[in-house]
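# give me a model of this one.
(one chain, ligands or ions: 1)
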Amino acid sequence: MTDRTQTARSLPSRKPCLTAVLRMAGLRPTRQRVALAELLFGGPHRHVSAEQLHGEAGDARVNVSLATIYNTLHQFHEAGLLREVAVDASRSYFDTDTSDHHHFYVEDEQRMIDIPAASVEFMKLPQAPKGMEVSHVDVVIRVRKAQA
Ligand SMILES: [Zn+2]
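The predicted model follows:
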């Protein structure tokens, strides 16, 4: 398992590249979308909630409402740029790594840690309902600090 925060470093601006990424995903590269894309994709892969991104946008003087953040995250998700990992009915994280993998959810820290896909094996899965196919299987394993 790699701890991605370890590889964080300052990267040169990827603005031109992000504009192209947005275009290729079928999204018009508005100033707000590019600014949010830069916050999301400007560093190593990570998991972010809408509230977290809203805070970061404020710190970076990107003036957007929480509603706009939600809309943009969902647009990026629908365009395949982000993966949504729902922890419960009221909490979702957006993962900049869209490849197949699973997650630990650290309950007391509200943080996700990646689990490589190969670390989880399924002995038996039910058949998909008639006329449907499994698109992917998401495993969220909830963990907390071990009681001493
Ligand atoms: Zn992940």
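
# now do the contacts for the most centrally placed residue in the chain.
By CA atoms, centre = their mean, the mean C-alpha position of the chain lies nearest to Asp95, the distance being 1.5 Å. Residues in contact with Asp95 (CB atoms under 8 Å, 6 or more residues apart in numbering) are His45, Arg46, His47, Leu82, Arg83, Glu84, Val85, Met112. Glycine gets a C-beta too; all of them are placed from N, C-alpha and C.

# by neighbour count, which of those wins?
Of all the contacts of Asp95, Leu82 has the most neighbours under the rule other CB atoms under 10 Å, reaching 24 neighbours.

# about what we covered before: chain neighbours aside, what residue packs nearest to the residue nearest to the centre of the chain?
Excluding its sequence neighbours, the residue lying closest to Asp95 (CB to CB, 6 or more residues apart in numbering) is Arg83, at 4.3 Å.

# quick check, pLDDT for the one you found.
What the model reports as pLDDT for Arg83 is 95.

# test my guess that it contacts His102.
No: the pair Arg83 / His102 is not scored as a contact, 11.4 Å apart, by CB atoms under 8 Å.

# and this structure, what are its domains?
Per automatic domain parsing, the domain ranges recorded for the chain read 10-92, 99-143.

# export the ones you listed to a markdown table and append columns for distance to the ion.
Shown next, in a markdown table, are those (distance: least, CB to the ion, whole Å):
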| stretch | distance to the ion |
| --- | --- |
| domain 10-92 | 6 |
| domain 99-143 | 4 |
